[in-house]
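Student: Would you be able to build a 3D model of this:
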Amino acid sequence: MRYLLLSDLHSNLEAAGAALARAREAGYDRALVLGDIVGYGADPNTVIDLLRGLPGLLAIRGNHDKVAAGLEEGEEFNEVARFAAIWTRRALTPGNLAFLRELPRGPLEFAPGRYLCHGTPLDEDGYLLEEEEAQRCFERLDFEVCFFGHSHLAGAFVLEGTRALRRPATEDGMVVGLARGRRYLVNPGSVGQPRDRDSRCSFGIYDDVRNAVILHRAEYPAAAAREKILAAGLPRRLGDRLLVGA
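Tutor: Below you'll find the model as predicted:
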């Protein structure tokens, strides 16, 4: 089976559309979403509607989903992020608000030894950025592969022997081979707000027959997404950062 891996879409319809178009070309059987469907961008309802129509959808919640759904109030958010989350809460249709509220938390097992989480498998709101934190995840939890998001940085951590090593994504189409006997934490990157100085949207496809994850980048009209953000009255910074991938 081929799984489409989407994370951190952040209400960016233009990026979501480009990622899904590219994914259809590559081919996939089931969609897995790693949280932060909404927040920041101007099209929360349309993005949710797109996801709800994907084959075999399995989605977990992210921190922006929780605040937009009213499950939390975002006291730990910065001013810009909280403004966008509350704006999103008011913009959501009743059905999409209920959809967000009902999203399960991670880690969530979708196949034997395979998990989804948003932040880390130890903390759904924590950032997994360093090898030391990856090491703790490998030591404290038993999994073969865990897909995560939240950092908006595509790449992987690989447990080789007893040491976790970071492998950042360096190119479109980068293949992370899942060798038997090793363990992996893999981030497909952010669809809607990349932060690695590459403005192209990022997503992954996990092929469990080939036993590999392919990390993709796709061009999208970021300027159009930015103009929607400005027209909606959302903070300018949220639109400007889309142009530089930061």
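
Student: Quick one: residues contacting Tyr40.
Tutor: Tyr40 makes contact with 10-12, 64, 81, 84, 192-193, 229, 234, 238 under the criterion CB atoms under 8 Å, 6 or more residues apart in numbering. Using the backbone N, CA and C atoms, a C-beta is placed for each residue, glycine as well.

Student: Among these, name the buried ones.
Tutor: The neighbour count (16 or more other CB atoms under 10 Å) marks 10-12, 64, 81, 84, 192-193, 229, 234, 238 as buried among these.

Student: Could you point out which of those residues is nearest to Thr120?
Tutor: His64 (16.4 Å; CB to CB).

Student: related to what we said a few turns ago, of the buried ones among the contacts of Tyr40, which is the nearest to Tyr28?
Tutor: Of all the buried ones among the contacts of Tyr40, Tyr28 sits closest to Gly192, with 18.7 Å by CB to CB.

Student: Using the three-state scheme, assign the closest one.
Tutor: Classification of Gly192 using DSSP: H, G, I helix; E, B strand; the rest coil returns coil.

Student: quick one: which helix or strand includes Leu103?
Tutor: Take DSSP states H and E as the rule and Leu103 turns out to sit in neither a helix nor a strand.

Student: Name the nearest residue to it, sequence neighbours excluded.
Tutor: Setting aside the residues directly before and after it, Leu103 is nearest to Arg61 in space (CB to CB, 6 or more residues apart in numbering), at 3.8 Å.

Student: how close does the residue nearest to Val80 when sequence neighbours are not counted sit to His10?
Tutor: Sequence neighbours aside, Pro235 is the residue nearest to Val80 in space, at 4.7 Å (criterion: CB to CB, 6+ apart). The gap separating Pro235 from His10 is 13 Å, by CB to CB, to the nearest Å.

Student: which residues does the residue nearest to Met1 when sequence neighbours are not counted contact?
Tutor: Of all residues not flanking Met1 in the chain, Asp29 sits nearest, at 4.9 Å (CB to CB, 6+ apart). By CB under 8 Å, 6+ apart, the residues touching Asp29 are 1-3, 55-56.

Student: Export those as a markdown table, with columns for distance to Leu20 and neighbour count.
Tutor: Formatted as a markdown table, the contacts of Asp29 follow (distance: CB to CB, whole Å; neighbours: other CB atoms under 10 Å):
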| residue | distance to Leu20 | neighbour count |
| --- | --- | --- |
| Met1 | 18 | 11 |
| Arg2 | 14 | 16 |
| Tyr3 | 14 | 22 |
| Pro55 | 11 | 9 |
| Gly56 | 14 | 13 |
